[in-house]
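>>> With the input below, show me the fold.
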Amino acid sequence: MTAAIRSILTPSAIVRLILGWGAFAALLIAGPLLTPPVAGPLLVSALIVIVSVILICAFGVVHEAEHLARRLGDPYGSLVLTLSIVLIEVVLIAAVLLGPGDHATIARDSVMAVSMIILNAVIGLCLLVAGLRHGSLTHNRTGVSTYLSLIIVLAALAFALPALIGANGSYEEWQEIPIIVLTIGIYAFFLYRQMGAQAADFHEVDQRLLQIPAEVGAGDSAPPKLSIGEIISTHRTEIIVRLALLIATVTPIVLLSHDMASLLDDGLGRLGAPVALSGVVIALIVFLPETITSIRAAWQGEIQRVSNLCHGAQVSTVGLTIPTVLLIGLLTDQPIVLAESPANLLLLTVTLLLSVTTFAAKKVTAIHGAAHLVVFAIFGITLFS
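Numbering: from 1, shown residues only. Below is the predicted model:
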């Protein structure tokens, strides 16, 4: 057991932990020095250090996530990484809402930025990379359809419906309880089915990934596949240690990302950039480990894993964030503005239609990826409009 733990807690893993948590502690200590307005050289130096530490930690998260994915198999492996990042993000948004100041739109702005990044930038880049390297790729259409069904419903509840039946972009108090119950209910039912009876809907189906290994003879059968319960029972120590290490490495990424928000706002403000751009940059950094993992999966031609990571992250982000902030709003008697602007609603609608069109096909291609990247570029244009 000790040898197994040592093989996981390698010197590089320990260095990443020290760097991540050390940088976060340094930011706390240097708080007064980094309160805007910050001197230009100090601002640039602080941002370079923070981004560098985040990148180093991100590769550690990817390393642990890939080991867990291989050990647990999909969708469980992808789900571990997704929930680790999303849960921490939700906790931090909740902490901001419970703190001083007016943050009525933080959930809307954060989730919208994440939606555009995941559904267009990350998926678009993955499809482009996979399509150029492997050609057309087959995905599990039942699994992807399940994701998209939930994304459409949750997006409508989060961004469109409040403008139609609420007041000033927020749900009425009596409307919030059924919305919370419905959102949590459908998300919990989705997780129950995904990890149980419908787990096979999220497995790879591309024949290039399902070849029988060379060491298995033509007349032999592949070894029986263990259930998730048997895998956890057999490799309990490894899974627990890797999961703990993943969470301990991803937490500083999210904490540092939010700590650098004020610095980024200060820097972008001096450049005359729109305030909303800061939220997009922060969201990009928070989901950096998942982005790297998705691109590496695309490079290997594992297009269903790309869907499990990206679409799964989108479902979890909306399914966990919206009920959490609505509940906080009810308990603290503060308005939660969710209704989006007409321009963002149009882009979100185009994104959802494009996603359905892309993954309704038997195979996805590089052209599908290029189309998603164009939509993300248009989203960038709207930020400066």
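>>> Work out for me the element Ser257 sits within.
helix 236-259 (DSSP states H and E).
>>> Now do that helix: which elements does it pack against?
Packing partners of helix 236-259 (3 or more Cβ pairs under 8 Å, 6 or more residues apart in numbering; DSSP states H and E): helix 2-8, helix 11-29, helix 40-72, helix 76-98, helix 276-286, helix 288-299. Heads up, the C-betas are built off the backbone N, CA and C, glycines and all.
>>> Off-centre distance for the fourth one?
Relative to the centre of its chain, helix 76-98 is centred 9 Å away, using Cα atoms, centre = their mean, to the nearest Å.
>>> which strands and helices sit next to that helix?
helix 40-72, helix 106-116, helix 236-259, helix 288-299, helix 303-332.
>>> and Gly272, which of the ones you listed is closest to it?
helix 40-72 (15.0 Å; Cβ to Cβ).
>>> angle of that closest one against helix 276-286?
Inter-element angle recorded for helix 40-72 and helix 276-286: 40 degrees (by axes from the mean of the first three to the mean of the last three Cα atoms, to 10 degrees).
>>> Can you get me a residue count around Glu172?
10 (other Cβ atoms under 10 Å).
>>> quick one, what contacts it?
Contacts for Glu172 were tallied using Cβ atoms under 8 Å, 6 or more residues apart in numbering; they are 165-166.
>>> So it versus Leu347, what's the distance?
Counting by Cβ to Cβ, to the nearest Å, the gap from Glu172 to Leu347 is 27 Å.
>>> And Asp109, by the same measure?
Counting by Cβ to Cβ, the gap from Asp109 to Leu347 is 14 Å.
>>> Just want to know which of these two has more residues nearby.
Higher neighbour count among Asp109 and Leu347: Leu347, with 22 against 19, using other Cβ under 10 Å.
>>> which residues touch the closest residue to that one other than its chain neighbours?
Excluding its sequence neighbours, the residue lying closest to Leu347 (Cβ to Cβ, 6 or more residues apart in numbering) is Phe379, at 5.5 Å. For Phe379, the contacting residues are 116, 120, 347, by Cβ under 8 Å, 6+ apart.
>>> Excluding chain neighbours, give the residue nearest to the second one in space.
Beyond its immediate neighbours in the sequence, the residue positioned closest to Asn120 (Cβ to Cβ, 6+ apart) is Phe376, lying 3.7 Å away.
>>> Wait, that neighbour touches Ser115, no?
No - Phe376 lies out of contact with Ser115 (Cβ atoms under 8 Å); the separation is 10.6 Å.
>>> Would it be right to say that Pro37 lies in a strand?
No - assessed with DSSP: H, G, I helix; E, B strand; the rest coil, Pro37 is coil; it does not lie in a strand.
>>> Any idea how many residues pack against it?
Quick note: Pro37 (other Cβ under 10 Å) scores 9 neighbours.
>>> Please report the distance of it from Gly269.
Relative to Gly269, and taking Cβ to Cβ, Pro37 is found at 9 Å.
>>> same deal with Ala200?
Ala200 is 50 Å from Gly269, where distance means Cβ to Cβ.
>>> Neighbour count for the two, which is higher?
Shown here are Ala200 and Gly269; by other Cβ under 10 Å, Gly269 has more neighbours (14 against 11).
>>> Mind listing what's buried along stretch 238-258?
By neighbour count on 16 or more other Cβ atoms under 10 Å, the buried set for stretch 238-258 is 238-239, 241-243, 245-258.
>>> which residues are contacting that stretch?
With Cβ under 8 Å, 6+ apart, stretch 238-258 has contacts from 4-5, 8-9, 13, 16-17, 20-21, 23-24, 27, 50, 53-54, 57-58, 60-61, 64-65, 67-68, 71-72, 80-81, 84-85, 88-89, 92, 96, 231-232, 282, 285-286, 288-289.
>>> could I have the helix or strand hosting the residue nearest to Asn120 exported to PDB, CA atoms only?
Here Phe376, judged by DSSP H and E, is contained in helix 366-383. The C-alpha coordinates for helix 366-383 follow below in PDB (Å, rounded to 0.1, in the frame of the first residue of the first chain):
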ATOM      1  CA  ALA A 366     -13.400  19.100 -38.600                       C
ATOM      2  CA  ILE A 367     -15.900  21.300 -40.400                       C
ATOM      3  CA  HIS A 368     -18.300  20.900 -37.500                       C
ATOM      4  CA  GLY A 369     -15.500  22.100 -35.200                       C
ATOM      5  CA  ALA A 370     -14.800  25.100 -37.400                       C
ATOM      6  CA  ALA A 371     -18.500  26.200 -37.200                       C
ATOM      7  CA  HIS A 372     -18.400  26.100 -33.400                       C
ATOM      8  CA  LEU A 373     -15.200  28.200 -33.300                       C
ATOM      9  CA  VAL A 374     -16.900  30.800 -35.500                       C
ATOM     10  CA  VAL A 375     -19.800  31.100 -33.100                       C
ATOM     11  CA  PHE A 376     -17.300  31.600 -30.200                       C
ATOM     12  CA  ALA A 377     -15.500  34.300 -32.300                       C
ATOM     13  CA  ILE A 378     -18.800  36.100 -32.700                       C
ATOM     14  CA  PHE A 379     -19.400  35.800 -29.000                       C
ATOM     15  CA  GLY A 380     -16.000  37.600 -28.600                       C
ATOM     16  CA  ILE A 381     -17.200  40.300 -31.000                       C
ATOM     17  CA  THR A 382     -20.300  40.900 -28.900                       C
ATOM     18  CA  LEU A 383     -18.200  41.500 -25.800                       C
END
